[in-house]
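[1] Mind looking at a prediction? Sequence and model below.
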Amino acid sequence: MVVTAPGTDLERLGAYVLPGRVPDPRLAVGQARTAEHLGLGTVWLSERWGTKDLGVLTGAIGATSERVRIASGITHFGVRHPLTLASMAMTAQAMTGGRFVLGVGRSVAATWKAVGLPVVTNAVLVDAADIVRRLCRGERVSYEGPAGNYPRMRLGDLPDAPVPPLVLAAIGPKSLALAGAHFDGVLLHPFLTPDAVKRSAESVRRAAEEAGRDPAAVRVYATVVVAPDLPPREEAAVVTARALTYFQIPGFGENLATINGWDPAPLATLRAHPMFAGIRGAADHHYTRDQLVDVARELIPADWLESSAAAGPAALCAERVRTYLTAGADEIALHGSTPELLGPLVQHFRAS
């Protein structure tokens, strides 16, 4: 395993722990330690109800690491009361010495309707971010508007720690503009090409400038699915089957195709497959990635994956990751492969 001192270019790389469906969240601790040992700058947590609670995982990783940042990629404003979310964020800041990054997103409307929560609009995102920041600063907040009705709120016993950066997961032009105007960073979706990342970063920075903000202060995080030096079927599970879980969702797949400049026609063929007839939500709620491999290989154009992910020899993966930084990303969130699989990629990245 490669050991790297902090402060190197590897600070611009991060890695997801517990990617996808996991029955045992305890694995996150060892994975985060490996990421820190490799010299990566950030550990990303994708919250999923059941075994991937953000607060619990942040506490466990924060207590067993010393340097690496801990970022949610992502949670949602609507699933926690603003006081609860702000309290968790500031407790995390105190426990980690200011290493927490609060990444939030919108998700699709059907998700919130299914669990009885209001749909998240742009107005909700902007106001909720302001509420959480104000609470984290120790202000008394009274609010009635799109984000809810809160007559009087305030946190007590605040630590001597900064308000955590708020990062918005965004894909379309309106969300990108929102990130630039109102958030501290943007987390871009997996399976964007470097050209799509370049255009997205330009949109975010343009929106920041138009809002009177410093464009360079808004961090652009590009999420890149990587599968370095993996056997063919494992590579297909990490990249191809994961891609299918995004492209299969109506509307979402079209957004990715549009942003990347792809013909969306293959999406109709994908959704007409018997495996997906009548299912709701993402395919990985119904099948394992191993079960999806063969159909994904059949239905997703190879050139889509070749242009929007990094798979194959570790040296080529490292070179591919560099193209996303050159395209305008400030940092890369490596996804799909757990940190213990990233050593060879890290070694080649250091040498490039």
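    Arrived safely, thanks for sending.
[2] Okay, helices next: where are they in the stretch 1-150 of the chain?
    For the stretch 1-150 of the chain, applying DSSP state H, counting those that start in this stretch gives helices covering 27-38, 54-63, 82-96, 109-114, 122-136.
[3] got those helices as CSV, with distance to I249 and mean pLDDT columns?
    To be clear about C-beta, it is placed using only N, CA and C from the backbone, and glycine gets the same treatment. As requested, these are exported to CSV (distance: least, Cβ to Cβ, whole Å; pLDDT from 0 to 100):
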stretch, distance to I249, mean pLDDT
helix 27-38, 26, 98
helix 54-63, 22, 98
helix 82-96, 26, 98
helix 109-114, 9, 85
helix 122-136, 20, 98
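[4] could those be laid out in CSV, adding distance to A201 and mean neighbour count?
    Written out in CSV, the entries for the helices of the stretch 1-150 of the chain read as follows (distance: least, Cβ to Cβ, whole Å; neighbours: other Cβ atoms under 10 Å):
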stretch, distance to A201, mean neighbour count
helix 27-38, 24, 20
helix 54-63, 26, 20
helix 82-96, 26, 21
helix 109-114, 27, 14
helix 122-136, 20, 20
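[5] of all those helices, which lies closest to V293?
    Set against V293 and scored by Cβ to Cβ, the helices of the stretch 1-150 of the chain come closest in helix 27-38, at 21.9 Å.
[6] chain center to the closest one: distance?
    18 Å (Cα atoms, centre = their mean, to the nearest Å).
[7] same check, this time on stretch 81-90
    From the chain centre to the centre of stretch 81-90 is a distance of 20 Å (Cα atoms, centre = their mean).
[8] Over to stretch 238-248?
    Remark: stretch 238-248 is offset 15 Å from the chain centroid, using Cα atoms, centre = their mean.
[9] For it, measure first residue to last.
    Using Cα to Cα, to the nearest Å, the end-to-end distance of stretch 238-248 comes out at 16 Å.
[10] which other residues reach that stretch?
    When contacts are taken as Cβ atoms under 8 Å, 6 or more residues apart in numbering, the neighbours of stretch 238-248 outside the stretch itself are 20, 189-191, 225-227, 230, 252-253, 256-257, 267, 270-271, 276, 282-284, 289-290, 292-293, 295-297, 299-300, 304-305, 308-309, 311, 335-337.
[11] Next, count neighbours for the closest residue in space to N149 that isn't next to it in sequence.
    Using Cβ to Cβ, 6 or more residues apart in numbering and skipping residues adjacent in sequence, the residue nearest N149 is Y143, 7.4 Å away. Counted with other Cβ atoms under 10 Å, the neighbours of Y143 add up to 18.
[12] ok, what's across the strand from Y143?
    Each beta-bridge partner of Y143 is listed here: Y150, as defined by DSSP bridges.
[13] follow-up on the earlier one: which of the helices of the stretch 1-150 of the chain sits closest to L158?
    Ranked by Cβ to Cβ, the member of the helices of the stretch 1-150 of the chain that lies closest to L158 is helix 82-96, at 6.0 Å.
[14] now the angle from the closest one to helix 122-136?
    Using axes from the mean of the first three to the mean of the last three Cα atoms, to 10 degrees, the direction of helix 82-96 lies 50 degrees away from that of helix 122-136.
[15] Quick check: the residue nearest to N149 touching V132?
    No: taking Cβ atoms under 8 Å as the definition, Y143 is not a contact partner of V132, at 11.1 Å.
[16] can you list the domains in the chain?
    Per automatic domain parsing, the structural domains of the chain span 9-229+313-351, 230-309.
[17] Off-centre distance for the last one?
    I take that to be domain 230-309. 18 Å.
[18] now swap in the longest one and tell me
    Going by Cα atoms, centre = their mean, the spacing between the C-alpha centre of domain 9-229+313-351 and its chain's C-alpha centre is 6 Å.
[19] what are the ranges of the strands in the stretch 151-300 of the chain?
    Listed in chain order, the strands of the stretch 151-300 of the chain (DSSP state E, counting those that start in this stretch) span residues 166-170, 185-188, 219-228.
[20] just to revisit the earlier point, to L345, which of the helices of the stretch 1-150 of the chain lies closest?
    helix 27-38 (9.4 Å).
[21] Packing partners of that closest one?
    With contacts defined as 3 or more Cβ pairs under 8 Å, 6 or more residues apart in numbering; DSSP states H and E, the secondary structure elements packing on helix 27-38 are strand 13-17, strand 42-45, helix 54-63.
[22] Can I get the helices of the stretch 1-150 of the chain in JSON lines including distance to G343?
    Shown next, in JSON lines, are the helices of the stretch 1-150 of the chain (distance: least, Cβ to Cβ, whole Å):
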{"stretch": "helix 27-38", "distance to G343": "7"}
{"stretch": "helix 54-63", "distance to G343": "19"}
{"stretch": "helix 82-96", "distance to G343": "25"}
{"stretch": "helix 109-114", "distance to G343": "36"}
{"stretch": "helix 122-136", "distance to G343": "36"}
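[23] Kind regards, and thank you for your time.
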